[in-house]
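Visitor: predicted structure and sequence below. I'll ask about it afterward.
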Amino acid sequence: MSRRGHLFGRCLLALAMSAAASSALADGPTTKPISAAISLANVPSSDGGVDWGRAEGTIDARLEDVLAVLHDYARYAALFPHFEQSRVLSQRGTDAIVYLEAKILHGATTLWGQVRIGSRSPAPGSYVIEAKMMKGKGNISQLVARWQVQPSADGQSCRVVFDLLVDPDLPVPDVLVSSELKNSAGRAFRALRKRVAQHGTIAARPTTSM
């Protein structure tokens with residue numbers, strides 16, 4: 001595979017909403033220590049092709065702070081590298097259609113697509129936020145990103161599982177794509193931790209009256 005093809009494959013994986021921690025996302029102060037352990041794995045897909053990438057760990061924040069970040073679809077571009085646009089096209093509650101656009105290869109190629117994002121609560125207190133590529137609405141083949149959030153008994157932390165599946169239409173071996181998805185899931189998890197820590201710090205600041 002050519003160097004260009006390899007770079008394109010890596011950048012395409014970054015488009016999967018989940019992916020790498022953005023260099024534009026500055027480290028902010030935290031009010032709590034952040035649990036460092038993240039479990040990474042590949043999970044077989046139903047079609048036997050590319051494996052899902054999975055990252056699992058604990059985020060030391062309340063459920064409302066985690067959900068506030070995951071439901072802020074208009075700011076998704078700030079979470080991922082190469083992104084220049086993240087625009088909500090329509091939204092009802094926590095269900096939305098979002099346009100994403102990224103520039104790669106020094107601006108020579110634009111990746112774009114519309115994803116449908118939905119949030120549901122399959123059990124009391126737990127949430128699933130899932131994004132799927134809309135068929136025929138972009139130049140990416142397959143994209144699924146899923147966050148599962150479960151608060152702890154004391155409500156001071158959340159167990160989070162992030163699953164990512166991207167099958168790029170490129171001459172890239174499945175094993176390489178699967179490995180990249182696992183690593184990208186881990187970087188996405190760390191990016192979420194940083195954003196949640198920043199959100200929690202801002203929310204904890206006292207308001208001043210005029």
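Guide: Arrived safely, thanks for sending.

Visitor: test my guess that residue 130 contacts residue 122.
Guide: No. Taking contacts as C-beta atoms under 8 Å, residue 130 lies outside contact range of residue 122: 11.1 Å. C-betas here are computed from N, CA, C, even on glycine.

Visitor: neighbour count winner among these two?
Guide: Neighbour count, other C-beta atoms under 10 Å: between residue 130 and residue 122, residue 130 has more, with 17 against 8.

Visitor: so what's that one up against?
Guide: Residues in contact with residue 130, defined by C-beta atoms under 8 Å, 6 or more residues apart in numbering, are 117-119, 144-147.

Visitor: one more: residue 115?
Guide: When contacts are counted by C-beta under 8 Å, 6+ apart, residue 115 touches 17, 97-98, 100, 131-134, 143.

Visitor: how deep is the residue nearest to residue 157 when sequence neighbours are not counted tucked in, by neighbour count?
Guide: Excluding the flanking residues, the one nearest residue 157 by C-beta to C-beta, 6 or more residues apart in numbering is residue 60, at 4.9 Å. Residues lying near residue 60 (other C-beta under 10 Å) number 19.

Visitor: and the pLDDT at residue 60?
Guide: We note a pLDDT of 94 for residue 60 in this prediction.

Visitor: so it sits against residue 159, correct?
Guide: No. Contact criterion C-beta under 8 Å: residue 60 and residue 159 do not qualify, at 11.1 Å.

Visitor: tell me if residue 188 really is in a helix.
Guide: Yes. Assigned with DSSP: H, G, I helix; E, B strand; the rest coil, residue 188 falls within a helix.

Visitor: now it: how far from residue 90?
Guide: 25 Å (C-beta to C-beta, to the nearest Å).

Visitor: who has more neighbours out of those two?
Guide: The neighbour comparison of residue 188 against residue 90 (other C-beta under 10 Å) goes to residue 188, with 25 against 9.

Visitor: this completes my enquiry, with thanks.
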